[in-house]
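In: A predicted structure for the sequence below; I have some questions about it.
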Amino acid sequence: MSLDLRGLVPAPVTPFKRDESLDFEAINRLGSWLAGVDGVKGLVVLGHAGEGTFLTAGEQAAVISAFREAVDDRVPIIAGITGEGTAVAAEEAKRAVSVGAAAGLVYPSHGWLRFGFQKGAPQDRYRQIHEESGLPLILFQYPDVTKATYDLETQLEIAAQPGVFATKNGVRNMRRWDTEIPVLRAENPDLQILTCHDEYLLHTMFDVDGALVGYGGLAPEPLVELIAAGKAKDYAAARAIHDRLLPVTRTVYHRGSHMEGTVALKEGLVARGVLEHATVRPPLLPLAAGAGSEIAKALESAGLNSVVAYV
Ligand SMILES: N[C@@H](CC=O)C(=O)O
């Protein structure tokens, strides 16, 4: 598998105009800036941060195409594949291929979050999506507190399937992290292991090949440094970056819900000069008055200023 995501893989927001239609100029600014940051290895569009499930199928295809144009072949575009039924998800993956997605990040079927799943169903979902679309796939490990989290055996069986080349792990249970990551790595030495613990990046940075995070779409520069410090096993350097970023982490990811983090990312991108406003689609709501300026102050304190000059 030739895709190399060993580094930072931001999951960018999807910019909208004030009327909530897609803002292609802003997609171009955002994609072009992110692809130009040294250490960024790919962009995952249509994820949670990208409000992917709030878009029509046509809009999803347009977002993939627009980010592809923006990055101009510098990095691959990877699509979130979120359809609830496996056949629907396979169709979604085929559409993503037709507009140039290089890989897919496969979400669990939504109903599993509440009801759980039958043994073997996740393996079957990955197999069918890959067989029908040919898309290389990333295994998405959901938090341990959900019923859509995969036990180690399920992860190992998915990771061993043809077409699965990486895992985005957000298990948020350190006992499972500490015991499962070494086994995944030992049994699949080529599997690229990416953390997606936006709010626990320091703590998960020493065991991974990279990070696939929404945070990377706002603060790619320090996250590239953090990944390098983790790979060098330089705790002091990683800790210093973490501490510098903590005000940003607090204002973006220590909010009421991880979904609210998406709105906060957009507010942050306004402060960084990439977006003109933080319009989101419902069911997301704007943040409370004053949140935008708190996020702007936090970014400034971390030395993350406007990037307009780079665009
Ligand atoms: N970082 C989040 C949101 C990503 O899709 C996660 O842990 O899943």
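Out: Received it, and whenever you're ready, just let me know what you need. Numbers count the residues shown, from 1 in each chain.

In: Which positions in stretch 135-155 come out as buried?
Out: 135-143, 148-150, 154-155 (16 or more other CB atoms under 10 Å). For glycine as for every other residue, the C-beta is placed from the backbone atoms N, C-alpha and C.

In: Narrow the residues you listed to those in helices?
Out: Taking DSSP state H, the ones among the buried residues of stretch 135-155 that sit in helices are 154, 155.

In: Can you name the residue of this structure nearest the ligand?
Out: Nearest residue of the chain to the ligand (CB to the nearest ligand atom) works out as residue 170 at 2.9 Å.

In: How about residue 238: what's its closest non-neighbour residue?
Out: residue 229 (3.9 Å; CB to CB, 6 or more residues apart in numbering).

In: So which bits of the stretch 1-150 of the chain are right by the ligand?
Out: Proximity of the stretch 1-150 of the chain to the ligand, by CB under 6 Å from any ligand atom, involves residues 47, 48.

In: Where does the prediction get shaky in the stretch 1-150 of the chain?
Out: Scanning the stretch 1-150 of the chain for pLDDT under 70 picks out 1.

In: could you pull out the strands for it?
Out: Ranges of strands in the stretch 1-150 of the chain, per DSSP state E, counting those that start in this stretch, are 8-10, 43-45, 77-81, 103-106, 137-141.

In: can you check the stretch 151-300 of the chain too?
Out: Counting by DSSP E, counting those that start in this stretch, the stretch 151-300 of the chain has strands at residues 164-169, 192-195, 210-213.

In: Distance from the chain centre to the last one, please.
Out: This means strand 210-213. 7 Å (CA atoms, centre = their mean, to the nearest Å).

In: what does that strand rub up against?
Out: Surrounding strand 210-213, the residues in contact under the criterion CB atoms under 8 Å, 6 or more residues apart in numbering are 5-11, 41, 44, 105, 138, 166, 168, 192-198, 201, 205, 223, 226-227.

In: Name every strand pairing with it and say which way it goes.
Out: Strand 210-213 has the following strand partners under DSSP bridges: strand 8-10 (parallel), strand 192-195 (parallel).

In: Pull the number of nearby residues for residue 257.
Out: 7 (other CB atoms under 10 Å).

In: Renumber starting at 824 from here on
Out: Sounds good: first residue 824 from here, last item residue 1080.

In: so how far is residue 1110 from it?
Out: 12 Å (CB to CB, to the nearest Å).

In: Now, of the contacts of strand 1033-1036, which are buried?
Out: 828-834, 864, 867, 928, 961, 989, 991, 1015-1021, 1024, 1028, 1046, 1049-1050.

In: Report the contact partners of residue 970.
Out: Residue 970 neighbours (CB under 8 Å, 6+ apart): 935, 936, 937, 938, 939, 940.

In: Excluding chain neighbours, what is closest to it?
Out: That would be residue 939: by CB to CB, 6+ apart, it lies 4.1 Å from residue 970.

In: what's the spacing between that neighbour and residue 977?
Out: In this view, residue 939 and residue 977 are 12 Å apart by CB to CB.
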